[in-house]
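A.B. asks: Compute the structure for the input listed below.
(chains A and B, ligands or ions: 1)
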Amino acid sequence: MLNRIELLQLVEHNARVKISDLATMLNASEEEIAAELEACKKDNVILGYTTMINWEKTERETVTALIEVRITPQRNQGFDKIASQFYRYPQVSSCFLMSGGFDLMLIIEDSTLREVANFVSEKIAPLEGVLSTATHFILKKYKSNGTLFTQKPKDDRETIVL
Amino acid sequence: MDIDYQSKISKVVNGIAPSAIRRFFDLANEMKGEVISLSIGEPDFVTPWNIREAGIFSLEDGNTHYSPNQGYIEVRKAISEYLQRRFELKYDPKSQILVTVGGSEALDLIARSLIDPGDEVIILEPCFVAYKATVTLAHGVPVVIETKEEDEYRLKPEALEAAITDKTKYIILGYPGNPTGATMSREDLAAIKDVLVRHPDIFVVSDELYSELSYTGERPVSIANFPEMYDRTIVVNGFSKSFAMTGWRIGYMAGPAPLVAAMNKVHQYCIMCSPTTAQYAVIEACRNGDKEVDEMREEYNRRRRVIIKGLTDAGLKCFAPTGAFYAFPSIEGLGLSSEKFCERFLMEKKVAIVPGNAFGKCGEGHVRISYAASMENIQEAMKRLKEFVSDLKEENK
Ligand SMILES: Cc1ncc(COP(=O)(O)O)c(C=O)c1O
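C.D. replies: Predicted coordinates for the structure are as follows:
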């Protein structure tokens, strides 16, 4: 039996593994793997495949900002309605409802300082229901989505060990 | 000064022949960094962070002293609980467990504590290289049973019966095995137990270093799980392979209390105690290591499947390994000795693997391929292996 979780963990880590290799690794046929991936897409389990980029290594000067937003929930709609007003903005790459001292966490990636400042002051703060915001900028990425940004793992084992 | 140093070295040490394939090893080691190495008998994973951190904390706390010879009681308790939980093996932490410098030291202690000159020890080749050497160094006589590919490198009861003499002191079982990746099922071991029940003076040393790395879907069985054998078995295990902790140098043995006490005597004078930092780390490994161990096993299993497929695609006959992280395919019919095959593969395709005769004469005609390497390297190496085998077939036409 093909294990969906194991398959998902593999492609989550490396979306470029070939179907034939996945089939070998998971002891399944290529058809089964292709069908399962297709089913995952249909079920909205797999939503897309992205590439992890370390923008710091390019000439592009961008920042990543985390914006905490405190809001008043709306009658009947709770937080969902107001959240949707935020996540529709293409520059918002992630939007989470949080427990704790604030309600929504917005993440804006690959943007400039000015764009973030304008976005917060023009789009978010004035919205009805927004009580306050706090914007944090990421200074350095050490690790993101399980990948180390700072160092490459090295293999310093001897060539032959019996 | 003209000293004949060779003549000063003890006969027994001089008697351990330098490995004939030393030259190949030197060659491979010189090429470190330029080659893909599938020749390494240790995990490519780094020790899980929580375990490393436990070692670091112990240093921060100033735990830099000798421990009791037998190992901290807390460590022995953690090992005892772990063996019970994972393998249904019950050992008293006070009297039945000795913490050692790797499984290696345990094998040495056993040989030195049990063997009188001339006693015989049955070992199953192809096998881990220390078995024969520890027996020889303790003035014992290794008696080799050659296990066979067609038996999937399992010990057959007839072969065992035939090897037993009235000098036989113990037998070393090493499953899951290095270099073959073989395992013995409960039924296989039951048949061995039946033979041993007829020879009540023989002990079993069960090297279970790879016990966490079994891909049969079932937990590997230890011969010590049989009530008839429990009092006659010394289990050797450790953290090197299952927890990716080779460099920490820590392992243990578990067995009958009087024997453990004797081994502790030797250990006390030769070693004092196993590394303190490592002892603190393995408490964490025993108690909070299952998840990482399971993840590593799953990754090894995926690589194992890729290796088996790669070998089949390359046209090499290979018994499908079910444990450890090795495959041991046959290279017969290609017109090269194991050593020559590995040397040419190294020089021509820049991949290092180990000639089978490194693990005993009967390993000739095979090579050991380790999949303790990244998936990328394994896939690339399998591609090159296929090219290499097809080059050889072309030459042989
Ligand atoms: C079968 C077997 N036993 C024992 C050992 C020794 O391991 P350690 O001394 O690191 O515990 C090894 C290491 O390669 C091995 O392959």
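
A.B. asks: Correct me if wrong: residue A:146 contacts residue A:13.
C.D. replies: Yes - using Cβ atoms under 8 Å, residue A:146 makes contact with residue A:13 at a distance of 7.3 Å. For the C-beta atoms, the positions are set from N, CA and C on the backbone; glycine is no exception.

A.B. asks: Neighbour count: the two, which is higher?
C.D. replies: Counted by other Cβ atoms under 10 Å in any protein chain shown, residue A:146 and residue A:13 do not tie: residue A:13 has more neighbours, with 11 against 8.

A.B. asks: Where does the prediction get shaky in chain A?
C.D. replies: Within chain A, not a single segment meets pLDDT under 70.

A.B. asks: ranges for the strands of it?
C.D. replies: Counting by DSSP state E, the segments of chain A that form strands are A:63-71, A:92-97, A:104-111, A:130-137, A:143-144, A:147-148.

A.B. asks: where does the residue nearest to residue A:145 when sequence neighbours are not counted fall, phi/psi-wise?
C.D. replies: Computed as Cβ to Cβ, 6 or more residues apart in numbering or on different chains, the closest residue to residue A:145 that is not its neighbour in sequence is residue A:52, at 6.4 Å. Main-chain torsions, residue A:52, degrees, to the nearest 10: phi -90, psi 120.

A.B. asks: And for residue A:52, the neighbour number?
C.D. replies: 11.

A.B. asks: does it really touch residue A:146, like I thought?
C.D. replies: No - when contacts are counted by Cβ under 8 Å, residue A:52 is not listed as touching residue A:146 (9.3 Å).

A.B. asks: between these two, what contacts are shared?
C.D. replies: Residues touching both residue A:52 and residue A:146 (Cβ atoms under 8 Å, 6 or more residues apart in numbering or on different chains): none.

A.B. asks: List the contacts of the residue lying closest to residue A:55 once chain neighbours are set aside.
C.D. replies: Distances taken as Cβ to Cβ, 6+ apart place residue A:62 nearest to residue A:55, at 5.4 Å, with adjacent residues excluded. Counting by Cβ under 8 Å, 6+ apart, residue A:62 makes contact with A:55, A:109, A:110, A:111, A:112.

A.B. asks: And the second one, how far from the ligand?
C.D. replies: What it means is residue A:109. 45 Å (Cβ to the nearest ligand atom, to the nearest Å).

A.B. asks: Show me what residue B:351 is bridged to.
C.D. replies: Under DSSP bridges, the beta-bridge partners of residue B:351 are residue B:36.

A.B. asks: Now do it: how many residues are near it, please.
C.D. replies: 22.

A.B. asks: quick one: it and residue B:28 touch, right?
C.D. replies: No - in this structure, residue B:351 is not within contact of residue B:28 by Cβ under 8 Å, at 10.0 Å.

A.B. asks: Please state the backbone phi and psi of residue B:98?
C.D. replies: Residue B:98 adopts backbone torsions of phi -130, psi 130, taken as degrees, to the nearest 10.

A.B. asks: who are the neighbours in contact with it?
C.D. replies: Counted by Cβ under 8 Å, 6+ apart, residue B:98 has contacts B:70, B:71, B:106, B:109, B:252, B:253, B:254, B:260, B:263, B:264, B:267.

A.B. asks: ok, now with 7 Å
C.D. replies: Residues near residue B:98 by Cβ atoms under 7 Å, 6 or more residues apart in numbering or on different chains: B:70, B:71, B:252, B:253, B:260, B:263, B:264, B:267.

A.B. asks: Apart from its chain neighbours, what residue comes closest to the fifth one?
C.D. replies: The reference is to residue B:260. Using Cβ to Cβ, 6+ apart, the nearest residue to residue B:260 is residue B:98, at 5.1 Å.

A.B. asks: pLDDT score for the one you found?
C.D. replies: We have a pLDDT of 98 for residue B:98.

A.B. asks: So what pairs up with it in the strands?
C.D. replies: residue B:253.
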